[in-house]
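Engineer: would you be able to build a 3D model of this:
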Amino acid sequence: MCGGGARAAFRSTGVRVARSSKSAEQKTASVVRMRPPRKSPMCGKPATQQYYPFDSKRCADADLANWLGGSYRIAGDPVSPTELPTDDE
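Structural biologist: Modelled structure (predicted):
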């Protein structure tokens, strides 16, 4: 926590919310961006805070489907079953 009357709360989205310790009538909050806005890696539209780093649930689900389908795998030489490590090793 910061010293004095101000507190800062950090979120995983990179947004810092500054709050003051004024009376209930005078309380204000301001949002300060900690990093520049990014585009969705799937469609290129600006990312939203709710689905970061994507712009929508559709793009997030499409990316997850690519991961589960193996689209992001790194190609390598085929390995025969005899070359795979066993539980004994």
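Engineer: hmm, residue 48 and residue 55 touching each other?
Structural biologist: Yes - judged on Cβ atoms under 8 Å, residue 55 makes contact with residue 48 at a distance of 5.4 Å. In short, each C-beta sits where N, CA and C put it, glycine included.
Engineer: ok, those two, which is more surrounded?
Structural biologist: Using other Cβ atoms under 10 Å as the criterion, residue 55 and residue 48 rank with residue 55 on top: 21 against 16.
Engineer: could I get the pLDDT score of that one?
Structural biologist: The model reports residue 55 with a pLDDT of 93.
Engineer: now residue 89
Structural biologist: Looking at residue 89, its pLDDT is 53.
Engineer: name the residues that touch stretch 60-67?
Structural biologist: For stretch 60-67, the surrounding residues in contact (Cβ atoms under 8 Å, 6 or more residues apart in numbering) are 41, 42, 51, 54, 72.
Engineer: reformat these as CSV; add distance to residue 86.
Structural biologist: Compiled in CSV, the contacts of stretch 60-67 are given as follows (distance: Cβ to Cβ, whole Å):
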residue, distance to residue 86
41, 38
42, 39
51, 42
54, 40
72, 28
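Engineer: and the helices in the protein?
Structural biologist: Defined through DSSP state H, the helices belonging to the chain, from first to last, are 57-69.
Engineer: domain-wise, how is it divided?
Structural biologist: What the record gives for the chain is the domain set 1-36, 37-73, from automatic domain parsing.
Engineer: which of the ones you listed has the lowest mean pLDDT?
Structural biologist: domain 1-36 (a mean of 59).
Engineer: among the contacts of stretch 60-67, which pair sits farthest apart?
Structural biologist: For the contacts of stretch 60-67, with distances taken as Cβ to Cβ, the pair at the greatest spread is 51 and 72 (18.6 Å).
Engineer: more neighbours, the two?
Structural biologist: Using other Cβ under 10 Å as the criterion, residue 51 and residue 72 rank with residue 51 on top: 15 against 9.
Engineer: find the nearest non-adjacent residue to the more buried one, please.
Structural biologist: residue 60 (5.2 Å; Cβ to Cβ, 6 or more residues apart in numbering).
Engineer: could you give the number of residues near the one you found?
Structural biologist: Here the neighbour count serves as a burial measure; for residue 60 (other Cβ under 10 Å) it reads 17.
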